[in-house]
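Peer 1: this one's sequence-less:
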């Protein structure tokens, strides 16, 4: 999934591409529970609307992370 709504196109440095593995990591980090097998089942059980919401939330988090890096917030 590419979050084109953030102004990027596939292959564009501004595009946010989320893989299934990215979504699994996002789910685990959000729940603060690290059990890939369980969250694999959770992801499979999601309906289309719930999956789009998850993708949106993960893309927003990635956009905010990138903005923080661009602002130099990763430097001490």
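Peer 2: Arrived safely, thanks for sending. Predicted model only: the values in this text are computed from it and were never measured.
Peer 1: so what's the residue count around residue 48?
Peer 2: Neighbourhood size, residue 48 [other C-beta atoms under 10 Å]: 7. C-beta coordinates here come from the backbone N, C-alpha and C atoms, glycine included.
Peer 1: before we move on, what about residue 64?
Peer 2: Applying other C-beta under 10 Å, we find 10 residues neighbouring residue 64.
Peer 1: just the pLDDT at it, thanks.
Peer 2: As predicted, residue 64 sits at a pLDDT of 93.
Peer 1: what helix or strand is it located in?
Peer 2: Remark: residue 64 resides in helix 48-70, with elements defined by DSSP states H and E.
Peer 1: only the buried residues of stretch 32-47, if you could.
Peer 2: Applying a neighbour-count criterion of 16 or more other C-beta atoms under 10 Å, one finds 39, 42, 43 buried in stretch 32-47.
Peer 1: what's the closest of these to residue 17?
Peer 2: residue 43 (16.8 Å; C-beta to C-beta).
Peer 1: mind listing what the closest one touches?
Peer 2: 20, 23, 24, 27, 51, 54 (C-beta atoms under 8 Å, 6 or more residues apart in numbering).
Peer 1: try 6 Å this time
Peer 2: Taking C-beta atoms under 6 Å, 6 or more residues apart in numbering, we find residue 43 in contact with no residue.
Peer 1: how about it, secondary structure?
Peer 2: helix (DSSP: H, G, I helix; E, B strand; the rest coil).
Peer 1: what does the pLDDT read for it?
Peer 2: Listed pLDDT for residue 43 reads 96.
Peer 1: and residue 31, how far from residue 39?
Peer 2: From residue 31 across to residue 39, the span is 8 Å (C-beta to C-beta, to the nearest Å).
Peer 1: go on, residue 53?
Peer 2: 16 Å.
Peer 1: what does residue 22 give?
Peer 2: Distance from residue 22 to residue 39, by C-beta to C-beta: 12 Å.
Peer 1: likewise for residue 66?
Peer 2: The value you get for residue 66 to residue 39, if C-beta to C-beta is used, is 24 Å.
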